[in-house]
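1. Quick one, structure for this:
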Amino acid sequence: MSLLQKFDRIMSHIEIHDGEQWGYDSQERVGMVRFRVSCWLPDTVKTAAGEEHDKQRQYGRWWYVDQETLNDTEAVIRLVWMAYETFMMHELRERFRYQGALVFDPHRSILT
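-> Residues are numbered from 1 along each chain as shown. A predicted model of the protein is given here:
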């Protein structure tokens, strides 16, 4: 069984029931698999500007799972949880405002 097949088999048992359309992309690399989670959500910039728009697929960052970790199902599940949690924290930072102003901009360096 390939590394990608191992990963996808684990992912086939993970469910999120929150009314949103969640998904993921996965790709096999030499000795590892990389994946990113995604969800159909409104565009934060357009929402903040008061524009009408449809939801679009929003993607999280790429996460990497090495061959050794793929042999530990619990470790993979925990990593996938971290990917979803990081994705949602990013989306919340984009939506969190005080008096209409963005408080935590995940696209802007805190050093500038």
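2. For Pro106, which three-state class applies?
-> Using DSSP: H, G, I helix; E, B strand; the rest coil, the secondary structure recorded for Pro106 is coil.
3. Could you check the pLDDT of it?
-> Looking at Pro106, its pLDDT reads 76.
4. Does it touch Leu92 like I think?
-> No - counting by C-beta atoms under 8 Å, Pro106 sits too far from Leu92 to count as a contact (9.2 Å). All C-beta spots, glycine's among them, are computed from the backbone N, C-alpha and C.
5. could you say what helices and strands the longest strand seen in the chain packs with?
-> Ranked by number of residues, the top strand in the chain under DSSP state E is strand 32-41. In terms of contacts (3 or more C-beta pairs under 8 Å, 6 or more residues apart in numbering; DSSP states H and E), strand 32-41 is packed against helix 3-11, strand 22-29, strand 56-59, strand 63-66, helix 73-95.
6. Compile those into CSV and extend it with columns for mean neighbour count, mean pLDDT and distance to Ile110.
-> Below are these laid out as CSV (neighbours: other C-beta atoms under 10 Å; pLDDT from 0 to 100; distance: least, C-beta to C-beta, whole Å):
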stretch, mean neighbour count, mean pLDDT, distance to Ile110
helix 3-11, 17, 97, 33
strand 22-29, 14, 94, 28
strand 56-59, 12, 90, 22
strand 63-66, 16, 97, 22
helix 73-95, 15, 93, 12
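7. How about the contacts made by Gly31?
-> Contacts here follow C-beta atoms under 8 Å, 6 or more residues apart in numbering; on that basis Gly31 touches Leu3, Asp66, Gln67.
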